[in-house]
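*Asks:* Sequence plus predicted model, see below.
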Amino acid sequence: MTIIGMLHHRRDPKTVIKSYAYAAVAMAEGVKFYYFSPGTVNFVNRFIRGQVYENGSWQERIMPFPDVIYNAGSPEKLAKSKDIIDKLRSEIPFTTNSLGNKWNINERLMEAKEFTNYLIPSEVLKSVENFHKFISSFQKVVFKPIDGRKGKGIYFISKTDEGYEVRRNSENVNYSKEQLNEFLKEKLATGTYIIQPYIQSITKSGQVYDFRLHVQKNGEGKWVITTIYPRIAPSGSIIPNINNGGYTNYLEPFLQLEFKEEAYDIKRMLEHFSLSLANHLDHIQMVKYGEVIDEIGIDVGLDENLKIWVYEVNWRPGCPPAFYLELDVVVLSIQYAKFLAENQTKVKNEIKTIKKKKIEEKGEVPIIAITGSAGKTTSKAFLASILAKKWNIFESKDYWNTTEHTKKHAAEINDAHEAVVLEYGMAYPGVITEHCSIIKPNISIVTNIGLAHVGNFDSDIKGVAHAKSELIHGMDQEGILIINKDDENSKHLETKQFKGKIITVSTKSPANYRAYKIQYKDNGMSFKMRLQRQEIELFIPILGEHHVYNALNAIAVADYLGFTPMEIKAGLIFKKPPRRLTIYNCRDNITVIDDTVHSHPQGVRAALDVLSNIGKKRKIAIIGQMRELGELREEEYRKVGDYVHEKGIDILITYGFRTEEIGAQAKEKGFSPKNIYHFTKKEELHELLEKIVNKDDTILIKGASKTNMFDTVKFLDQTFKE
């Protein structure tokens, strides 16, 4: 006779209502059942001081180790007895194992491409700043605790014209930005929270609802549907959870009422989805931990297009009391426990088979290399952020783009990585060829061909294009190549012999991926584009139209690799590389723009565009020396001087060798001489800034890292600190 032990953190079974149902059903199913807690296990003599239900009461008995254990206690409270439980687990199969918190489950669901389409992009919120980036992209968000249960602690936050609306259950509170920041700081100080876009399912009468899909394994070890039912929020509320006043209904009448002729198809879709997802999570548990699960509750919604979105997956879900399903759940649990006890070898072999199949299914890993005169690091950061939404990726560190760095990367990349994202820098011919000989990419991005390092190529832009084309020649010749259609110099790239697929990006002309309606926002850029046969609006938390191209590079690769528009949208809320158009808000509404990593004519003009667009009153440009322009230096400095005048800059300050040529050209174009300054000593530059900077000024500092112009950023930030 099979012996089942119910493990719980509480010593007294009378405090655990389900213990009575399990005892009764076990007797009817012909198995022996007892209840125990970790402290009653004796490994030396191999017995457990358990509780047996006899003649209407619980009696303590010395029991042998069970054939199978039903794990019914709280994972957090049982964690105190980890050593005991681990020892039991090594000897006895457990019918069910914890899936972890909401974030753990979300990560597991991302491990199979067929299910990522149903996931709402979620992030662990680490700062108030990240919250504002997220809501700038999605407008309406859900803010909830990572370990929350029964709908508790969930907030729905919307961006409004006046500020923010924060909703909990049926209560609405309007906050200013400052008030919301205090609210968020208070919550983040007390626990870990997840943020995700708010996707709503609404009945014809305007009430919020979702579906609970309850699935279990049966006596043959197969997943079956216990029940599927809708949960409807009370009027005025947006949380349908039963513990928050929501109520249930039977599935078929609800579907008939809401969807009529589509009701049957939706029912079948929900049934298929619930079993498919249960099998997937079970497989992941086997592959990762060599364990099985036996019961889950999946909460899903349907959007206006009847697309399924997964809200939550719950381990050991409760039953709705209206349906009297408690005994049905227990019957399946007992039958599966009996199956597991009798088929341990079969289950272990199944786990081995699934692990082996997982290894064999692993296909070619995308190896993405990015080169170009500008935008490499930002394109890499965008792409890595998107791919990391569902893959374990290797991403090179910011600015680690020499061949020596690539050699280090080759040693660090391993079989666990599902994608590789790298920068390939170069200053001379042959360098990119060496990169490709170390790590050969199968997907490549050439961001643009500009004047960076042109002095090393006889001041000939075609020489730069030829050197960048080494990436095209050195990559997989049947791979994917992304190029900028709007960049005139990219027409010099050597693509004629390339046998793979060429994908183009643009903001100005027809291309495979084109952005339009580009707008400056408070803390970034928004734009629209067609993606997967739909128009979507996207947001990037970095200023400058040139960064839209960097985002398009990442979008093109991610779309090719099968990422959904929602995943792409969430991934674009990336961690911005340091000192790339970073904004410092100082006292008296003074704004400092830090762009002090690289400096070349194209980048200077892009930074001046940002200054022109976000400067509210006086606009001050501090421009440093641009190196390696060779014979083109004088001509390009004059062009920058023209552009300073064209963009309506109020004060121009140049710093470094020969940069006074920029001011001279601006003056010739009509720029006021009294507003032009030139320095070769930083101390003198800082003395001037201390005198001339006024309230509401916006100041751009643009220069290469070798000129140490970040010193000026720090000086301004400290001098005008709030």
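*Replies:* Structure received.
*Asks:* Can you tell me who residue 215 pairs with across the strands?
*Replies:* Counting by DSSP bridges, residue 215 is bridged to residue 225, residue 296.
*Asks:* Quick one: residues contacting it.
*Replies:* By Cβ atoms under 8 Å, 6 or more residues apart in numbering, the contact set of residue 215 is 223, 224, 225, 226, 274, 275, 278, 295, 296, 297, 298. In this view, the C-beta of every residue, glycine as well, is placed from N, C-alpha and C.
*Asks:* let's see 7 Å
*Replies:* Residues near residue 215 by Cβ atoms under 7 Å, 6 or more residues apart in numbering: 223, 224, 225, 226, 274, 275, 278, 296.
*Asks:* how close does it sit to residue 522?
*Replies:* 45 Å (Cβ to Cβ, to the nearest Å).
*Asks:* What's the separation between residue 600 and residue 632?
*Replies:* Residue 600 is 10 Å from residue 632, by Cβ to Cβ.
*Asks:* who has more neighbours, the two?
*Replies:* residue 600 (21 against 18; other Cβ atoms under 10 Å).
*Asks:* For burial, what's the neighbour tally of residue 214?
*Replies:* For residue 214, the neighbour count with other Cβ under 10 Å is 23.
*Asks:* where's the residue nearest to it when sequence neighbours are not counted relative to residue 94, distance?
*Replies:* Closest residue to residue 214 apart from its sequence neighbours, by Cβ to Cβ, 6 or more residues apart in numbering: residue 226 at 4.3 Å. Separation of residue 226 from residue 94 (Cβ to Cβ): 20 Å.
*Asks:* same check, this time on residue 482
*Replies:* With the distance defined as Cβ to Cβ, residue 482 ends up 48 Å from residue 94.
*Asks:* So if I had to pick from these two, which one is more boxed in?
*Replies:* Using other Cβ under 10 Å as the criterion, residue 482 and residue 94 rank with residue 482 on top: 26 against 21.
*Asks:* Surely the more buried one is within a helix?
*Replies:* No - read with DSSP: H, G, I helix; E, B strand; the rest coil, residue 482 is strand and lies in no helix.
*Asks:* Show me what it bridges to in the sheet.
*Replies:* Where residue 482 sits in a bridge, its partners, by DSSP bridges, are residue 445, residue 503.
*Asks:* Please name the residues that touch it.
*Replies:* Per Cβ under 7 Å, 6+ apart, neighbours of residue 482: 445, 503, 505, 553, 556, 557.
*Asks:* low pLDDT regions in the chain?
*Replies:* The model of the chain has pLDDT under 70 over residues 101-103, 110-114, 148-151, 170, 242-245, 319-326, 358-363, 452-453, 455-456, 458.
*Asks:* Nearest residue to the middle of it?
*Replies:* Residue closest to the mean C-alpha point of the chain, counted by Cα atoms, centre = their mean, is residue 389 at 4.1 Å.
*Asks:* I'd guessed it sits against residue 567; true?
*Replies:* Yes - between residue 389 and residue 567 a contact is recorded at 4.8 Å, counting by Cβ atoms under 7 Å.
*Asks:* Mutual contacts of these two, please.
*Replies:* Joint contacts of residue 389 and residue 567 (Cβ under 7 Å, 6+ apart) are residue 121.
*Asks:* Next, the contact list for the residue nearest to residue 214, please.
*Replies:* 214, 215, 216, 325, 328, 329, 332.
*Asks:* Distance of the residue lying closest to residue 87 once chain neighbours are set aside relative to residue 71?
*Replies:* Leaving aside its chain neighbours, residue 87 sits nearest to residue 43 (6.4 Å; criterion: Cβ to Cβ, 6+ apart). When Cβ to Cβ is the yardstick, residue 43 and residue 71 sit 18 Å from each other.
*Asks:* likewise residue 57?
*Replies:* The value you get for residue 57 to residue 71, if Cβ to Cβ is used, is 25 Å.
*Asks:* quick one, which of the two is more surrounded?
*Replies:* The neighbour comparison of residue 57 against residue 71 (other Cβ under 10 Å) goes to residue 71, with 21 against 9.
*Asks:* check contacts around that one.
*Replies:* Going by Cβ under 7 Å, 6+ apart, residue 71 touches 7, 94, 95, 96, 97.
*Asks:* now do 10 Å
*Replies:* Taking Cβ atoms under 10 Å, 6 or more residues apart in numbering, we find residue 71 in contact with 5-8, 78, 85, 88-89, 94-98, 294, 315-316.
*Asks:* Can you tell me which of these end up in helices?
*Replies:* Those of these mapping onto helices are 78, 85, 88, 89, per DSSP state H.
*Asks:* out of these, who's nearest residue 472?
*Replies:* Checking the ones in helices among the contacts of residue 71 against residue 472 by Cβ to Cβ gives residue 89 as the nearest, at 53.7 Å.
*Asks:* Was I right to think the closest one contacts residue 68?
*Replies:* No - here residue 89 lies out of contact with residue 68, judged by Cβ atoms under 10 Å, at a distance of 11.6 Å.
*Asks:* Neighbour count for the two, which is higher?
*Replies:* A count of neighbours by other Cβ under 10 Å puts residue 68 above the other of residue 89 and residue 68, at 21 against 15.
*Asks:* Quick check: bridge partners of that one?
*Replies:* Assigned bridge partners for residue 68, using DSSP bridges, are residue 4.
*Asks:* if I look at it, how far off is residue 339?
*Replies:* 9 Å.
*Asks:* Which neighbours do these two have in common?
*Replies:* Common neighbours of residue 68 and residue 339 (Cβ under 10 Å, 6+ apart) are 2, 95.
*Asks:* ok, which stretches of the stretch 1-150 of the chain are helices?
*Replies:* 18-29, 75-78, 82-91, 102-109, 113-116, 128-138 (DSSP state H, counting those that start in this stretch).
*Asks:* May I see the ones you listed organised as JSON lines, with distance to residue 719 added?
*Replies:* As requested, the helices of the stretch 1-150 of the chain are exported to JSON lines (distance: least, Cβ to Cβ, whole Å):
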{"stretch": "helix 18-29", "distance to residue 719": "66"}
{"stretch": "helix 75-78", "distance to residue 719": "50"}
{"stretch": "helix 82-91", "distance to residue 719": "54"}
{"stretch": "helix 102-109", "distance to residue 719": "42"}
{"stretch": "helix 113-116", "distance to residue 719": "48"}
{"stretch": "helix 128-138", "distance to residue 719": "23"}
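*Asks:* Could you list the buried residues of the helix or strand in which residue 345 is found?
*Replies:* Using DSSP states H and E, residue 345 maps to helix 344-361. Buried residues in helix 344-361, counting neighbours by 16 or more other Cβ atoms under 10 Å, are found at 350, 351, 354.
*Asks:* Let me see the contact set for the first one.
*Replies:* When contacts are counted by Cβ under 10 Å, 6+ apart, residue 350 is found next to 221, 282, 283, 286, 292, 343.
*Asks:* In those residues, find the pair that's most separated.
*Replies:* 283 and 343 (17.4 Å).
*Asks:* which one of the two has more residues nearby?
*Replies:* residue 283 (20 against 15).
*Asks:* Looks to me like residue 685 is in a strand.
*Replies:* No - according to three-state DSSP, residue 685 belongs to no strand; its state is helix.
*Asks:* how near is it to residue 34?
*Replies:* 81 Å.
*Asks:* Skipping adjacent residues, who's closest to residue 385 in space?
*Replies:* In space, and not counting its chain neighbours, residue 385 is closest to residue 574: 3.6 Å by Cβ to Cβ, 6+ apart.
*Asks:* what's the neighbour count on the one you found?
*Replies:* By the measure other Cβ under 10 Å, the count of residues near residue 574 is 22.
*Asks:* Hmm, it is touching residue 378, no?
*Replies:* Yes - taking contacts as Cβ under 10 Å, residue 574 lies within contact range of residue 378: 8.7 Å.
*Asks:* Could you tell me which residues touch both of these two?
*Replies:* Residues touching both residue 574 and residue 378 (Cβ under 10 Å, 6+ apart) are 540, 542, 551, 554.
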